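Asks: Give the three-dimensional model of this entry:
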Amino acid sequence: MHYQGTVYRPPSEARSLIVQVTLGCSQNGCTFCSMYKDKNFHIRYLDEILADFKEARELYKNIDKIFLADGDALICKYDMLATILDFIKKYFPECKRVTCYASAKSILLKSEEELTNLRKKGLTMVYLGLESGSDEILKRVKKGVTSKEMIEASNKIHNANINLSVTAISGLGGNELWEEHAVETGKTLSRMNPEYIGLLTLMIEQGVPLEEEIKKGTFKLMDPYDILKETKLLIENLNCDNAVFRANHASNYLNLKGTLNQDKKELIDKLNNALKGKEYIKEEYMRGL
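Replies: The predicted structure is shown next:
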């Protein structure tokens, strides 16, 4: 197996065979992201990719999940992806799930017929980073896409019968735009109606452009208490049909998980209890002054 640079994968792909189809991310300009900075984006040669799959077949007796790395493997041309999926179906007949990262751009570049055929050949789910439903925030963080394009892309994925997992980032609007971020992200996710929603919390790693904005004071990070308020407002604006919701990443301040919409009230109640605890601590502190 041949790997180049740091390899990233979603938490749910921990036990998957990971094969790099592309190297790096096709966008890789987001101001908050530190991923894939150790390599320039390009698509690997098909014979190299298939050679890795052949080696994996020799090494492992049973592989039931495969993740096509790196960022946005769906950007590859249809014929290339079709060949890879046909190869997987032939050499890994026991494989039940093939997934990859995608972008709105890579989805919109493909026809619904192509996406439907990729599903028939074994592509079961794609991971899409929404980050925020606010066009103002998407512009500021240089995501290179609008919320409308995200919704259009998700519709094409649904029409192809491919499952969709979408992530958003708490705190991405900072103190200035937290309400807009919460409301618009909730509304956009509702229109995207993904099967899975993952909510992360903004973490600033050294060297990302957003770090400079923080140092200059043009972007103000939110504290944990305000992040919980934002999360509550976001969930209040969610209206999804049977979507699995998770905010249990290491970056999250409060572990939340459930299924929308049926667990919506329970999630909000848990947030309210956490917020009340914070208020209680603040009241006790003020009494002691």
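Asks: drop to CA atoms for contacts and neighbour counts, all remaining ones
Replies: Noted.
Asks: For Cys30, give me its contacts.
Replies: 141-143 (C-alpha atoms under 8 Å, 6 or more residues apart in numbering).
Asks: let's see 10 Å
Replies: Shown in contact with Cys30 (C-alpha atoms under 10 Å, 6 or more residues apart in numbering): 138-144, 208-210.
Asks: likewise Ser170?
Replies: Ser170 sits next to 131-132, 178, 181-182, 185, 199-203, 222, 226-228, 230-231, 234, 247, 251-252 when contact means C-alpha under 10 Å, 6+ apart.
Asks: From Lys148, how far off is it?
Replies: According to C-alpha to C-alpha, to the nearest Å, Ser170 and Lys148 sit 20 Å apart.
Asks: What subset of the contacts of Ser170 is buried?
Replies: 131-132, 178, 181-182, 185, 199-203, 222, 226-228, 230-231, 234, 247, 252 (16 or more other C-alpha atoms under 10 Å).
Asks: Next one, pLDDT for Lys39 please.
Replies: What the model reports as pLDDT for Lys39 is 88.
Asks: who's in contact with it?
Replies: Lys39 touches 4-6, 23-25, counting by C-alpha under 10 Å, 6+ apart.
Asks: give me that answer again for 8 Å
Replies: 5, 23-24.
Asks: Now a PyMOL select for only the buried ones of the contacts of Cys30.
Replies: To isolate the buried members of the contacts of Cys30 in PyMOL, using 16+ other C-alpha under 10 Å:
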select buried, resi 138+141+143+208+209+210
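Asks: Serialize the contacts of Cys30 to a markdown table and add fields for pLDDT.
Replies: Below are the contacts of Cys30 laid out as a markdown table (pLDDT from 0 to 100):
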| residue | pLDDT |
| --- | --- |
| Leu138 | 98 |
| Lys139 | 98 |
| Arg140 | 97 |
| Val141 | 97 |
| Lys142 | 96 |
| Lys143 | 96 |
| Gly144 | 95 |
| Val208 | 95 |
| Pro209 | 95 |
| Leu210 | 97 |
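Asks: Please narrow the contacts of Cys30 to those residing in helices.
Replies: Of those, the ones assigned to helices by DSSP state H are 138-140, 209-210.
Asks: Dump those residues to CSV, plus distance to Arg15.
Replies: As requested, the ones in helices among the contacts of Cys30 are exported to CSV (distance: C-alpha to C-alpha, whole Å):
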residue, distance to Arg15
Leu138, 32
Lys139, 35
Arg140, 35
Pro209, 33
Leu210, 32
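Asks: Leu189: which of the residues you listed is nearest?
Replies: The closest of these to Leu189 turns out to be Leu138 (C-alpha to C-alpha; 14.3 Å).
Asks: In contact with the closest residue to the closest one other than its chain neighbours, which residues are there?
Replies: In this structure, Leu138 finds its nearest non-sequential neighbour in Ser132, 6.4 Å apart by C-alpha to C-alpha, 6 or more residues apart in numbering. Contacts for Ser132 were tallied using C-alpha under 8 Å, 6+ apart; they are 138, 147, 168-169, 172, 181, 184-185.
Asks: how does it look with 10 Å?
Replies: Ser132 makes contact with 138, 141, 143, 146-147, 167-173, 180-186, 188-189 under the criterion C-alpha under 10 Å, 6+ apart.
Asks: Tell me which of those residues fall in strands.
Replies: 167-170 (DSSP state E).
Asks: Just the buried residues of those.
Replies: Buried subset of these (neighbour count, 16+ other C-alpha under 10 Å): 167-170.
Asks: Backbone dihedrals for Ile107, please?
Replies: Backbone torsions for Ile107, taken as degrees, to the nearest 10, come to phi -70, psi -50.
Asks: Return the per-residue confidence for it.
Replies: Looking at Ile107, the pLDDT reads 98.
Asks: Quick check: closest non-adjacent residue to it.
Replies: That would be Ala153: by C-alpha to C-alpha, 6+ apart, it lies 5.7 Å from Ile107.
Asks: just checking, what packs against the helix or strand harbouring that neighbour?
Replies: Taking DSSP states H and E as the criterion, Ala153 maps to helix 147-159. Here helix 147-159 touches helix 104-108, helix 112-120, strand 123-131, helix 135-140, strand 163-170, helix 178-192, going by 3 or more C-alpha pairs under 10 Å, 6 or more residues apart in numbering; DSSP states H and E.
Asks: Which one, of those, ends up nearest to Leu238?
Replies: Short answer: helix 178-192, nearest of the helices and strands packed on helix 147-159 by C-alpha to C-alpha, at 4.7 Å.
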